[in-house]
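J.: Show me the folded form of this:
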Amino acid sequence: MKDKKWGEFTISLNKSYLDRELIYQFLHNEAYWSINIPREVVMKSIDESRLVFGLYRGRIDGDFEQVGFARAVTDLSTFAYLCDVFILPQYRGKGLSKWLVETIIWHPDLHDIRKFMLATKDAHSLYERFGFETVESPDLILQRVRKVPY
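T.: Coordinates of the predicted model:
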């Protein structure tokens with residue numbers, strides 16, 4: 001996927017653009033799903049994920065800042081899990097989360113995935129507009145969760 005532009009914003013898969021410190025600080029301090037996550041876990045998750053989406057304000061070939069992030073964990077054929085999606089608070093309300101999710105689900109390696117999953121506590125309306133729905137048979141879904149992982 002080429003970088004996608006929308007006004008002064010760009011979405012890129014180029015990991016060299018990522019502000020890893022910003023991502024770590026947000027996931028460690030702000031994201032309810034990963035409070036206190038260790039730095040080395042965040043860095044490994046970025047390094048080992050093939051599809052990492054950075055959202056930036058400004059010119060990628062010039063002065064820019066990261067304002068959003070997401071990862072898709074996938075086998076590129078049958079399953080994908082969307083995670084670590086965030087937009088910095090000062091950039092919310094501008095349609096950026098919708099644009100980011102739309103870009104991800106229409107990515108050529110993800111568009112035809114049979115099962116695309118995510119977990120959210122408070123953004124159901126965002127994801128439902130892109131076809132995500134509650135699990136039809138939750139009794140079929142199992143999970144293994146470490147109660148205090150970090």
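J.: Please make it C-alpha for all contacts and neighbour counts, starting now.
T.: OK.
J.: Tell me, what's the model's pLDDT at the closest residue to G58 other than its chain neighbours?
T.: In this structure, G58 finds its nearest non-sequential neighbour in F64, 4.3 Å apart by CA to CA, 6 or more residues apart in numbering. We have a pLDDT of 96 for F64.
J.: starting at the chain centroid, how far to the longest strand that the chain contains?
T.: Determined from DSSP state E, the single longest strand within the chain is strand 64-74. Taking CA atoms, centre = their mean, to the nearest Å, one finds strand 64-74 lying 5 Å from the centre of the chain it belongs to.
J.: strand partners of that strand, parallel vs antiparallel please.
T.: Strand pairing for strand 64-74, determined by DSSP bridges: strand 51-58 (antiparallel), strand 79-87 (antiparallel).
J.: most packed of the ones you listed?
T.: Of the strands paired with strand 64-74, the one with the most neighbours on average (mean count of other CA atoms under 10 Å) is strand 51-58, at a mean of 22.
J.: and that one, how far out from the chain's middle?
T.: Worked out by CA atoms, centre = their mean, strand 51-58 lies 10 Å from the chain centre.
J.: got it, and stretch 138-150?
T.: With CA atoms, centre = their mean, you get 20 Å for stretch 138-150.
J.: Equivalent analysis for stretch 87-107, please.
T.: Worked out by CA atoms, centre = their mean, stretch 87-107 lies 9 Å from the chain centre.
J.: Report the buried residues of that stretch.
T.: I87, L96, S97, L100, V101, T103, I104, I105 (16 or more other CA atoms under 10 Å).
J.: measure that stretch end to end?
T.: 19 Å (CA to CA, to the nearest Å).
J.: Could you pull up the residues touching the residue nearest to the spatial centre of the chain?
T.: Centroid-nearest residue in the chain, with CA atoms, centre = their mean: A70, separated by 1.7 Å. A70 is in contact with V52, F53, G54, L82, C83, D84, V85, F86, counting by CA atoms under 8 Å, 6 or more residues apart in numbering.
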